[in-house]
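Colleague: predicted model and sequence follow; I will ask about them next.
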Amino acid sequence: MRHRTLASLALAVAVVATGATISRRHSAQKERVRQAQASLRRAEYFNHEDRLHVPLRDAELFSSLHIGIAGTSSPVAYEFVRLLGEPDAEPRLVDLFERGSSGARLYALCGLTALSTTTVATYKGLLEADRRDVGMLQGCSSVSVGLPREAAASMRFKDICRELLEAHRESAAQQAVAALVGSASKKNRD
């Protein structure tokens with residue numbers, strides 16, 4: 001009789017332990033589903049066209065110039081490229097980093113990378129404390145969402161930044177050619 005009681009007790013302990021294991025697995029699975037749903041909600045927030053039609057200072061989305069399947073232009077990215085061509089671009093980028101939204105800070109970091117190597121490390125360090133989400137959109141790919149410090153370390157950020165800086169260089173070259181043509185035309189008229 002005692003042997004049966006011990007066997008029953010062992011069986012009961014095994015059932016409880018199995019139930020606890022199943023419960024832990026179920027809880028972990030529920031947590032993964034909850035995180036996936038939250039991630040989708042965050043991506044949906046950034047995947048709205050209105051995110052592209054805001055002033056640069058308010059940008060929550062860091063994007064390349066041409067986005068979407070049809071290569072729609074990003075007004076915020078164009079505003080950034082124009083800013084890089086301004087004579088006071090560096091102090092304006094510093095101000096943008098200090099006062100701007102999460103996406104604006106990534107644009108500022110990108111611009112400072114091109115204009116000032118001394119301040120970039122400082123600003124990358126300041127991103128550590130920024131807990132706001134930022135979206136990134138390159139070409140027709142999906143929006144990726146994360147913290148600014150994670151975004152700034154990603155290949156996607158580097159690719160978008162490289163594209164924006166190349167657009168700035170092309171724009172500056174076009175302006176130089178136009179200035180040369182204009183001055184040659186003026187000399188010919190004189």
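Modeller: Ah, there it is. Residues are numbered from 1 along each chain as shown.

Colleague: CA atoms for contacts and neighbours, from now on please.
Modeller: Noted.

Colleague: so is Gln138 in a helix, a strand, or just coil?
Modeller: Reduced to three states with DSSP: H, G, I helix; E, B strand; the rest coil, the structure at Gln138 is strand.

Colleague: do you know how far it is from Ala77?
Modeller: 11 Å (C-alpha to C-alpha, to the nearest Å).

Colleague: which neighbours do those two share?
Modeller: The contact sets of Gln138 and Ala77 overlap at 63-64 (C-alpha atoms under 8 Å, 6 or more residues apart in numbering).

Colleague: could you list the residues in contact with the helix or strand containing Val81?
Modeller: When elements are assigned from DSSP states H and E, Val81 belongs to helix 75-84. For helix 75-84, contacts defined as C-alpha under 8 Å, 6+ apart pick out 52-56, 59, 62-65, 89-90, 107, 111, 164-165, 167-168.

Colleague: show me which of those are buried.
Modeller: Among the contacts of helix 75-84, those scoring as buried are 52, 56, 59, 62-65, 89-90, 107, 111, 164-165, 167-168 (criterion: 16 or more other C-alpha atoms under 10 Å).

Colleague: strands - which of those land there?
Modeller: Judged by DSSP state E, the buried ones among the contacts of helix 75-84 include 62-65 as members of strands.

Colleague: pLDDT weak spots in this protein?
Modeller: Across the chain, the ranges flagged by pLDDT under 70 are 1-26, 31, 33-52, 68-71, 117-118, 140, 174-190.

Colleague: ranges for the helices of it?
Modeller: 2-46, 75-84, 89-99, 102-115, 117-126, 148-152, 155-189 (DSSP state H).

Colleague: tell me what the fifth one is packed against?
Modeller: So the one you mean is helix 117-126. On a contact count with 3 or more C-alpha pairs under 8 Å, 6 or more residues apart in numbering; DSSP states H and E, helix 117-126 meets helix 102-115.

Colleague: who touches the helix it packs on?
Modeller: 56-62, 80, 84, 90, 93-94, 96-98, 119-120, 123-124, 130, 132-135, 148, 152, 161, 165.

Colleague: pull the number of nearby residues for the residue lying closest to Asp130 once chain neighbours are set aside.
Modeller: Leaving aside its sequence neighbours, Asp130 sits nearest to Pro148 (C-alpha to C-alpha, 6 or more residues apart in numbering; 6.6 Å). By the criterion of other C-alpha atoms under 10 Å, Pro148 has 25 neighbours.
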